[in-house]
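1. Need the 3D shape of this:
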Amino acid sequence: MSIDITDKGHGIRLFTLSGQGADNKLTTADLRALAAQCDALRADTAARVLVLAGPGAHFCGGRIGAAGLTSPAAIAEDLGAILAVNAAMAALSVPVIAAIEGRAHAFGFGLAAQSDYAIAGADAELCLPEMSHGLPPLVVLSYLFRFTNYKRAFELASTSKPMSATDALAAGLLTEAVATGTALTHALAVAANMASADQTAMTMLRRFARQAAAVHDPFLGELAVGQMSGLLADRAGRH
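-> Here you go, the predicted structure:
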C-alpha cells in the first residue's frame with residue numbers, strides 16, 4: 001500500500017507517503033488511498049494527532065496523473081482525487097502535522113500548506129511547478145491565499161519558482177524550519193504535546209480555527225477542477 005500507517009503511541013498516527021521515483025510522487029490511486037485512510041482515521045477513537053511524512057529524502061514531489069485521458073469528465077474524475085484528499089483532511093477532528101524534508105512540490109506543496117502545523121528541514125524546497133508545464137495550479141490557488149499574501153502566491157504559481165524553507169517560513173507557509181533530517185523528530189515532539197491536551201478542546205480548536213480562516217472551500221476546488229479539466233481536454237483534442 002502506498003500509505004504506510006504507524007501507531008507512534010499516545011494517539012499519534014504517522015502516515016508515510018510512499019510514492020514513486022526519486023522525488024516520491026503519488027499516483028491518483030495513492031491519493032484515493034490517502035483520502036480513504038484519512039476517512040478511516042475519523043473512526044479511530046484513540047487517535048489524537050496525524051503526522052504526514054515522506055519515507056526518505058523527499059516529502060512528496062507531486063502527483064502522477066492518469067495518462068491518455070481526453071474527455072473533460074474523465075480528467076475531472078482524475079483531478080478529483082486531489083479534492084478527495086482535501087475534503088478528507090478538512091473533515092478530520094485531529095490536527096495534522098506535516099514533517100517535510102526535501103521536495104514538497106505541487107500536490108506535496110498543497111499538503112504542506114493545508115496542514116495545521118508544518119515543520120521543514122533546512123534544505124526543504126517548496127514549489128508549484130505546474131506553470132512550467134503550461135498548467136495553472138488552480139486547486140492550490142483555491143486556498144493558498146489563506147496562508148500567504150496575493151502577490152507572493154501569484155509569484156509562486158506563475159513563475160514555478162522554488163521556495164526555501166526560510167522563505168516559506170517567512171511567507172507563512174511553514175510553522176518551523178529545523179535542521180535537515182530532523183523534521184520528523186520535531187513533528188513527533190509537537191504531536192506528543194498536542195496529544196496530551198484535552199481532546200474535546202483540541203477538536204474544537206482545530207475546527208473553529210479552520211472555519212474562521214476558511215481553509216477549505218469546496219466550491220472553489222470544484223471550480224478549479226472544472227476549469228483545468230476543460231483546458232486539458234481541449235489540448236488533448238488538438239493533439
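
2. Show residues contacting stretch 44-55.
-> Taking C-beta atoms under 8 Å, 6 or more residues apart in numbering as the criterion, the residues outside stretch 44-55 that touch it are 4, 8, 10-19, 24, 38, 41, 59-60, 92, 94-102, 111, 115, 183-184, 187-188, 191, 194-195, 199, 202. The C-beta positions use only the backbone N, C-alpha and C, and glycine is treated the same way.

3. Of those residues, keep whichever come out buried.
-> Among the contacts of stretch 44-55, those buried by neighbour count (16 or more other C-beta atoms under 10 Å) are 11-17, 19, 24, 38, 41, 59-60, 92, 94-102, 111, 115, 183-184, 187-188, 191, 194-195, 199, 202.

4. Out of the residues you listed, which sit inside strands?
-> Within the buried ones among the contacts of stretch 44-55, membership in strands is found for 12-17, 96-100, as judged by DSSP state E.

5. which residues of this protein fall in helices?
-> Chain-ordered helices for the chain, with DSSP state H as the definition, fall at 28-41, 72-91, 107-114, 138-144, 150-159, 165-171, 183-195, 199-212, 218-238.

6. quick one: buried residues of the last one?
-> Which is helix 218-238. By neighbour count on 16+ other C-beta under 10 Å, the buried set for helix 218-238 is 221, 224-225, 228-229, 231-233.

7. Point out the other helices and strands that that helix packs with.
-> For helix 218-238, the helices and strands in contact under the criterion 3 or more C-beta pairs under 8 Å, 6 or more residues apart in numbering; DSSP states H and E are helix 72-91, helix 138-144.

8. show me the residues around Gly110 that make contact.
-> Listed by C-beta under 8 Å, 6+ apart, the contact partners of Gly110 are 82, 86, 139-140.

9. ugh, wrong one, I meant Ala66
-> So, once contact is read as C-beta under 8 Å, 6+ apart, Ala66 ends up touching 28, 74, 78.

10. and the residues you listed as CSV, adding distance to Thr45?
-> Rendered in CSV, the data for those read as follows (distance: C-beta to C-beta, whole Å):
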residue, distance to Thr45
Thr28, 30
Ala74, 38
Asp78, 34
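
11. Switch these over to CSV; also include distance to Cys127, neighbour count and pLDDT.
-> Compiled in CSV, the contacts of Ala66 are given as follows (distance: C-beta to C-beta, whole Å; neighbours: other C-beta atoms under 10 Å; pLDDT from 0 to 100):
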residue, distance to Cys127, neighbour count, pLDDT
Thr28, 21, 18, 96
Ala74, 27, 16, 97
Asp78, 22, 19, 97
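
12. pLDDT weak spots in the chain?
-> In the predicted model, the chain carries pLDDT under 70 at residues 1, 239.

13. Enumerate every residue touching Val190.
-> Neighbouring residues of Val190 by C-beta under 8 Å, 6+ apart: 97, 117, 119.

14. which of those lies closest to Leu174?
-> Ile119 (7.2 Å; C-beta to C-beta).

15. Just list the residues touching the residue nearest to Leu184 when sequence neighbours are not counted, thanks.
-> Using C-beta to C-beta, 6 or more residues apart in numbering and skipping residues adjacent in sequence, the residue nearest Leu184 is Ala99, 4.2 Å away. Going by C-beta under 8 Å, 6+ apart, Ala99 touches 51-53, 59, 119, 183-184, 186-188.

16. Distance check, Leu174 against Pro162.
-> Relative to Pro162, Leu174 is positioned 14 Å away (criterion: C-beta to C-beta, to the nearest Å).

17. Between these two, which has more neighbouring residues?
-> Taking Leu174 and Pro162 together and counting by other C-beta atoms under 10 Å, Leu174 has the greater number of neighbours (27 against 16).
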